[in-house]
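Engineer: How does the following fold in three dimensions:
(one chain, ligands or ions: 1)
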Amino acid sequence: MRPTIGVLALQGDVREHFHALAACDAEPVNVRRESELDAVDALVLPGGESTAISTLLEVFGLLEPLRQRLREGMPAFGSCAGMILLASEVLDTRPDAQSLSGIDMTVRRNAFGRQVDSFETDLDFAGLDDGPVRAVFIRAPWVERVGAGAEVLARVPSGPAEGRIVAVRQGGVLATSFHPEVTGDLRVHRMFVDSVREREAVRPA
Ligand code: GLN
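Structural biologist: Prediction:
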């Protein structure tokens with residue numbers, strides 16, 4: 001089964017996610033309007049600028065429909081700005097920025113600070129056993145708190161931010177501080193697409 005996976009196409013690195021999903025044997029579609037959101041099995045929220053995407057979600061009338069789909073259990077994957085949007089609480093953002101509460105977690109925007117504003121490192125990622133994941137961080141957030149229902153999948157291994165949480169999953173919702181869509185390593189996308197496929201296989205038609 002080839003799940004239809006939307007990429008929220010309001011701002012950010014939409015194309016990179018689109019190609020990664022296609023390479024994982026999913027059917028990617030751009031989502032800009034409610035009817036497009038209604039038609040997808042799952043949604044990817046790209047990296048970009050979370051406050052801009054938040055504003056555009058309101059302008060395009062997608063904020064409440066997206067919250068509703070998440071409440072109903074639609075799987076989602078957010079990278080970087082997408083992680084910020086999926087949080088239940090965001091620190092260091094604009095007061096009018098909206099969150100979607102897909103995962104019970106507190107995320108700090110632009111958390112890594114100047115010195116390591118953007119950097120790359122190799123991470124151990126729970127559930128991916130065939131070697132570390134190359135993680136690209138670009139003005140990335142980190143996670144400061146996760147709720148009891150959320151599972152930590154990766155932490156920064158060393159350096160000034162050692163131990164900081166950078167990948168989390170709660171039910172079908174996955175979030176990474178970094179950008180798996182830019183490295184050509186498809187394992188994180190594949191993990192997400194496989195979880196969508198498994199969910200669709202057991203769901204009553
Ligand atoms: N700093 C951006 C934000 O706050 C996220 C950066 C990214 O997605 N690469 O939204």
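Engineer: Only C-alpha atoms from now on, for both contacts and neighbour counts.
Structural biologist: Noted.
Engineer: Quick check: closest non-adjacent residue to residue 32.
Structural biologist: residue 9 (5.7 Å; C-alpha to C-alpha, 6 or more residues apart in numbering).
Engineer: Tell me who's in contact with the nearest residue to residue 73 once chain neighbours are set aside.
Structural biologist: Using C-alpha to C-alpha, 6+ apart and skipping the chain neighbours, the partner closest in space to residue 73 is residue 172 (7.3 Å). When contacts are counted by C-alpha atoms under 8 Å, 6 or more residues apart in numbering, residue 172 touches 73-76, 195-196.
Engineer: what do you get if the cut-off is 10 Å, keeping everything else the same?
Structural biologist: Going by C-alpha atoms under 10 Å, 6 or more residues apart in numbering, residue 172 touches 42, 70, 73-77, 102-103, 192, 195-196, 199.
Engineer: I'd say residue 48 and residue 16 touch.
Structural biologist: No - using C-alpha atoms under 10 Å as the test, residue 48 is too far from residue 16 to be in contact (11.6 Å).
Engineer: can you count the residues close to residue 1?
Structural biologist: Look at residue 1: counted by other C-alpha atoms under 10 Å, it has 10 neighbours.
Engineer: Excluding sequence neighbours, find me the nearest residue to it.
Structural biologist: residue 197 (6.8 Å).
Engineer: any idea which helix or strand carries the residue nearest in space to the middle of the chain?
Structural biologist: The residue lying closest to the centre of the chain (C-alpha atoms, centre = their mean) is residue 78, at 1.0 Å. Per DSSP states H and E: residue 78 is located in strand 76-79.
Engineer: That strand - which strands sit beside it in the sheet, and in what orientation?
Structural biologist: In the sheet, strand 76-79 lines up against strand 42-45 (parallel), strand 173-176 (parallel) (DSSP bridges).
Engineer: for the last one, which positions count as buried?
Structural biologist: This means strand 173-176. Within strand 173-176, the residues scored as buried using 16 or more other C-alpha atoms under 10 Å are 173-176.
Engineer: Which strands and helices lie in contact with the helix or strand following it?
Structural biologist: Following strand 173-176 in sequence order, the next helix or strand is helix 187-202 (DSSP H and E). Contact here means 3 or more C-alpha pairs under 10 Å, 6 or more residues apart in numbering; DSSP states H and E; on that basis helix 187-202 packs against strand 4-8, helix 14-23, strand 42-45, strand 76-79, strand 128-138, strand 173-176.
Engineer: Would you mind listing what in the chain touches the ligand?
Structural biologist: 47-51, 80-81, 109-110, 138-140 (C-alpha under 6 Å from any ligand atom).
Engineer: how about a cut-off of 8 Å?
Structural biologist: 12, 46-52, 79-82, 84, 93, 109-110, 137-141, 177-179 (C-alpha under 8 Å from any ligand atom).
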